[in-house]
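Q: Show me the folded form of this:
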Amino acid sequence: MVNPPELYHRILDVPKGTSPQELRAAYKGLAKKWHPDKHPPSSKLEAEARFKAITEAYEALMDQQENRAVFGVCNDGRAGETTGSFGAGAGACGAARMARTRSDDFCMRSAPATPAREFAKVYSTGNTGGRRAFAEFSSSIMRKAPPLERPLECTLEELCRGCKKQVKFTRDVVTKNGSIVKKEVAQMIMVKPGWRKGHKVTFEGMGDERPGCLPADAIFIVSEKKHSTFKRVGDDLVLKAKVPLVSALTGWSFSFRLLSGKKVTCSFEDEIICPGHEKVIKGEGMPIIGRLGARGDLRVKLEIVFPEKLTNEQLTGLAEILKDCT
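A: Have a look, this model is predicted:
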């Protein structure tokens, strides 16, 4: 069972320890979004319930903040000054409590009737439908339909350069009479350079609807299509190239295009290519998320292709040529 403070944090979508200023900002944004006057009749009851829950959560958390501020006077570390219930510390604490009580009484009598308070009053006392909707919403705030997950297939080029991808999916929607119908939805996803396999893009509340539950989220999970030339390893790209034995010994070069379209030539004219040789080209890998302009490396791995069969004449020639090599 979730404690009320945690429930209130979930309703306002704020973490524990949020400052009063941040609470106010969260409340204003949600109250603006769910104000009943901005919703059509079909969703007005839900908006009323959410607005009531948001208002109650905000006022409860703000009261909690004020309580902490007041009782902080009684817990200021002066334990040595308090020897009994009538010590100096107890007197300060008692005075703070009395001041808090008088302040609360005055506020309850004279606090201005804000739109949020007036709305909460109406829908908590005089509107049966509003009370029922609020009760349903409060009881289901921690219950959410299972997320609707779909793959978002991307090529390495798309993950390297970034792109726009429109996705279409079908979701279950609850009608006014409580039945469930299918509805096709289209959304645009901005793929950012450097996204990796497994990255999730979440559309809150755009998944399946179920009676008595909050709408599920629609989640798209990035998957990488297999590339004909490159393989991604973290932020690096790996390119495997086969080198004939004679080229590995006498010099070799080859050209290819990067994911960006840029042409690159690797030359090994002045070196012998040994088995397992790897050439690293700095900064030609994938973009690194969170580091503007930074990129991984391109690692060119060379595989030497040995002949499957040699004639006696070839064997004799090779033995003669290589006999003095160390």
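Q: what's around Glu149, how many residues?
A: 14 (other CB atoms under 10 Å). In this view, the C-beta of every residue, glycine as well, is placed from N, C-alpha and C.
Q: what's the spacing between it and Asp13?
A: As judged by CB to CB, to the nearest Å, Glu149 and Asp13 stand 21 Å apart.
Q: now do Tyr58
A: 12 Å.
Q: can you give me the helices for the chain?
A: Assigned by DSSP state H, the chain shows helices spanning 4-12, 20-34, 41-71, 88-110, 115-125, 128-140, 156-161, 245-250, 312-322.
Q: wait, doesn't Leu30 sit right on Ala53?
A: No. Contact criterion CB atoms under 8 Å: Leu30 and Ala53 do not qualify, at 9.4 Å.
Q: Can you work out which residues contact both of these two?
A: Shared contacts of Leu30 and Ala53, defined by CB atoms under 8 Å, 6 or more residues apart in numbering, are absent.
Q: Can you spell out the domain ranges of this protein, please?
A: Following automatic domain parsing, the chain resolves into domains at 4-140, 148-224, 230-322.
Q: pLDDT averaged over the second one, what's the number?
A: Spelled out, it's domain 148-224. The average of the pLDDT scores along domain 148-224 is 92.
Q: quick one: it to chain centroid distance?
A: Domain 148-224 sits 13 Å away from the centroid of its parent chain (CA atoms, centre = their mean, to the nearest Å).
Q: my read: Ala145 touches Pro211, true?
A: No. Here Ala145 lies out of contact with Pro211, judged by CB under 8 Å, at a distance of 9.8 Å.
Q: which of those two has more neighbours?
A: Ala145 (18 against 11).
Q: Who are the contact partners of the more buried one?
A: Per CB under 8 Å, 6+ apart, neighbours of Ala145: Gly207, Asp208, Glu209, Arg210, Cys213, Leu214, Pro215, Ala216.
Q: Now the last one: closest residue in space, sequence neighbours ignored.
A: When the adjacent residues along the chain are set aside, Ala216 lies closest to Gly207, with 3.1 Å between them (CB to CB, 6 or more residues apart in numbering).
Q: quick one: low-confidence parts of this structure?
A: For the chain, applying pLDDT under 70 flags the ranges 1-4, 42, 68-142, 326.
Q: Count residues in the vicinity of the residue lying closest to Met188 once chain neighbours are set aside, would you?
A: Leaving out its chain neighbours, the residue that sits closest to Met188 by CB to CB, 6+ apart is Gln166, at 5.4 Å. By other CB under 10 Å, the residues close to Gln166 number 8.
Q: Equivalent analysis for Gly285, please.
A: Neighbours of Gly285 (other CB under 10 Å): 26.
Q: what's around the nearest residue to it once chain neighbours are set aside, how many residues?
A: Closest residue to Gly285 apart from its sequence neighbours, by CB to CB, 6+ apart: Gly296 at 2.9 Å. Using other CB under 10 Å as the criterion, Gly296 is surrounded by 19 other residues.
Q: Repeat that for Gly178.
A: A total of 8 residues lie near Gly178 under the criterion other CB under 10 Å.
Q: measure it to Pro211 for me?
A: Gly178 is 6 Å from Pro211, by CB to CB.
Q: now Lys165
A: 32 Å.
Q: Can you get me a residue count around the closest residue to Leu310 other than its chain neighbours?
A: Spatial nearest neighbour of Leu310, excluding adjacent residues (CB to CB, 6+ apart): Leu318 at 7.3 Å. The number of residues packed near Leu318 is 11, by other CB under 10 Å.
Q: Lys176 now?
A: 9.
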